[in-house]
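# here is my input; please provide its structure:
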Amino acid sequence: MGRVRATLHRVGTGLLTALGVTLFSVAGVGLGASPALGSGAGQVVYVPLVNPTANIAPVPDVFSSGPCTGSMGDWTCANPCVTPTMTWIPHGNSPACAAYSMEAINNARSQLGENPLTLPSNWIELSDAEQLFVIADMERVSAGYPPYLGINATLSLEAQSAAALGQDPSLAPGFPTGTNPYGATGFDGSWAGTDNVLYADYMWMYDDGWGGSVGTTSNIMCSGPTSWACWDHRDNLLGSSTSVGQGVGLGCTTCEMGTAEATFNGGGSLVDLIELPQGGIPPMTFTWADELAYFSPGDNPPLSPATTTVPPIITNAFHFTKLSFTRAGARLAWRVSPDGANAIDVSIYSEPGCVSPQTGRLTHPPLTHAGTIFIPARGTFVHGVTYWVRGWVTTYAGLTKSGCIRLGRV
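Next comes the predicted model:
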């Protein structure tokens, strides 16, 4: 869910023109905001997650060689990630390549009104797995969320297995996974088809949305401007979720990562796996606390998460009602205030109490305050069965659910 189309090729002159990065992520649509950690005046809360409104073209274009001069075997290109023999520097692991990649990342961040990131002084000495963890925490902490604590060996075994297969990770066997504030499994993960960690970060964070058409959208699961897969990787990396109520949570303070790099189909394969542990903190092989020594005072990300003190939090009122339920399907009305809705999720149940949903339907209204949803009967409702529904609305203040509403029998 959320793969990105990609190729690496040459043109007639021998110049590299594009580096495609293939991406995959575990979950679907991210929550529009983090759950509030307090509800009174002066409470400290984490800032909402807000995705870019459009893809940001990389400047400089790190995925192209740029102009090159020289001759066969002795090329000099504008992109320092390209070698004299017209190949990509393995893992992008040179100071010049890393600086060039960070220039593109920071230009994208400036368009979002975000401060530039500064790589730690030991970046080049870090393994790919360690770089994956560090850049994830740099993005997360600079966005105002608590850091993931470190790399866990059990999680990394699952990440390594997924990287070798070129696919998204699953829950790691043997890791005591806990539940998030909504009672769901605390779990997220993404896969990228490249060996350059900073290239993967750019695609995940700044170029993961709808490009205007299928041909100009690198995220092939992002099939339209309101598709659930758009900005899926960005949401996952920051700890959000692609399904309402799922994921590790933006405010997770005990989450750990498994990270890995492998070769798949002749190319690079990178995997991030994030899980929320149940109970105590499992041991780690590499920690954010240790890595902080390689950042300088005043660097971004800051040495501790940015938080903001806000006035009393306004609770959204969410009204969800049945308009009709016929052989054609169910028509439902919803209204939310004072915030507009980022997402409306309808869970359908075949037993009273709305305990175990049998199916669901997710929509993304354009930040409106009211609307209707029609669920066709075909493929959803069985004749003679009584059904109930519950609605969930995601706004910038968090997640609000409706009561359990009886639809009736078809």
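
# got a list of what the residue lying closest to residue 162 once chain neighbours are set aside touches?
In space, residue 162 comes closest to residue 169 once its chain neighbours are excluded; the distance is 4.0 Å by C-beta to C-beta, 6 or more residues apart in numbering. Every residue, glycine included, has its C-beta placed from N, CA and C. By C-beta atoms under 8 Å, 6 or more residues apart in numbering, the residues touching residue 169 are 26, 158-159, 161-162, 189, 191, 258, 271-273.

# now, which of those residues sits nearest residue 404?
Nearest to residue 404 among the contacts of residue 169 is residue 26, at 28.7 Å by C-beta to C-beta.

# list the buried residues of stretch 221-233.
221-222, 227-233 (16 or more other C-beta atoms under 10 Å).

# rebuild the residues you listed as CSV, extending it with pLDDT, distance to residue 214 and secondary structure.
Formatted as CSV, the buried residues of stretch 221-233 follow (pLDDT from 0 to 100; distance: C-beta to C-beta, whole Å; DSSP: H, G, I helix; E, B strand; the rest coil):
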residue, pLDDT, distance to residue 214, secondary structure
221, 75, 11, coil
222, 81, 9, coil
227, 78, 11, coil
228, 73, 16, coil
229, 79, 13, coil
230, 86, 13, coil
231, 87, 17, coil
232, 83, 16, helix
233, 86, 18, helix
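
# now distance to residue 89 too, for those residues, in TSV please.
Converted to TSV, the buried residues of stretch 221-233 look like this (distance: C-beta to C-beta, whole Å):
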residue	distance to residue 89
221	29
222	29
227	34
228	35
229	31
230	31
231	29
232	28
233	23
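
# can I have stretch 221-228 written out in CSV, keeping just the CAs?
Taking C-alpha atoms only, stretch 221-228 is exported to CSV below (Å, rounded to 0.1, in the frame of the first residue of the first chain):
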residue,chain,number,x,y,z
MET,A,221,-1.0,3.7,-4.6
CYS,A,222,-1.9,7.4,-4.4
SER,A,223,-4.5,7.2,-7.1
GLY,A,224,-6.1,10.7,-6.7
PRO,A,225,-6.0,13.8,-4.6
THR,A,226,-8.1,12.3,-1.9
SER,A,227,-6.6,8.7,-2.0
TRP,A,228,-5.9,7.2,1.4
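
# now do the contacts for the residue nearest to residue 158 when sequence neighbours are not counted.
Leaving aside its sequence neighbours, residue 158 sits nearest to residue 172 (C-beta to C-beta, 6+ apart; 3.8 Å). Contacts for residue 172 (C-beta under 8 Å, 6+ apart) come out as 154-155, 157-159, 258, 273, 275.

# same thing but at 10 Å, please
Taking C-beta atoms under 10 Å, 6 or more residues apart in numbering as the contact definition, residue 172 lies against 152-159, 161-162, 187, 189, 256, 258, 273, 275.

# next step: those restricted to helices.
153-159, 161-162 (DSSP state H).

# by neighbour count, which of these wins?
Counting neighbours by other C-beta atoms under 10 Å, residue 159 leads the ones in helices among the contacts of residue 172 with 30 neighbours.

# measure that one to residue 131 for me?
Distance of residue 159 to residue 131, computed by C-beta to C-beta, to the nearest Å: 13 Å.

# which neighbours do those two share?
259, 261, 270.

# isn't the first one right up against residue 132?
What it means is residue 259. Yes - assessed by C-beta atoms under 10 Å, residue 259 is found in contact with residue 132 at 3.9 Å.

# now for these two: what residues contact both?
Joint contacts of residue 259 and residue 132 (C-beta under 10 Å, 6+ apart) are 151, 159, 197, 270-273.

# could you list the low-confidence segments of the stretch 201-350 of the chain?
Residue ranges of the stretch 201-350 of the chain with pLDDT under 70: 241-246, 300, 302-316, 338-342.

# redo the shared contacts of residue 159 and residue 131 as a markdown table? Include neighbour count.
A markdown table is the format used below for the shared contacts of residue 159 and residue 131 (neighbours: other C-beta atoms under 10 Å):
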| residue | neighbour count |
| --- | --- |
| 259 | 29 |
| 261 | 22 |
| 270 | 31 |
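
# filter the residues you listed down to just the ones in strands.
Secondary structure assignment by DSSP state E places 259, 261, 270 of the shared contacts of residue 159 and residue 131 in strands.

# output the contacting helices and strands for the host helix or strand of residue 200.
According to DSSP states H and E, residue 200 maps onto helix 197-206. Judged by 3 or more C-beta pairs under 10 Å, 6 or more residues apart in numbering; DSSP states H and E, helix 197-206 is in contact with strand 22-25, helix 95-111, helix 128-142, strand 187-193, helix 232-238, strand 267-275.

# relative to residue 371, which of these is closest?
Evaluated over the helices and strands packed on helix 197-206, closeness to residue 371 peaks at helix 232-238, with 22.9 Å, by C-beta to C-beta.

# what residue of the chain is the furthest out?
Going by C-alpha atoms, centre = their mean, the residue of the chain most distant from its centre is residue 71, 41.7 Å out.

# if that residue is in a bridge, with which residues?
Bridge pairing for residue 71 (DSSP bridges) gives the partners residue 74.

# what of residue 192?
When assigned by DSSP bridges, residue 192 has beta-bridge partners residue 23, residue 270.

# that one reaches residue 259, doesn't it?
No - checked against C-beta under 10 Å, the pair residue 192 and residue 259 is beyond contact range at 11.2 Å.

# spell out which residues are contacts of both of these two.
132, 163, 270-272.
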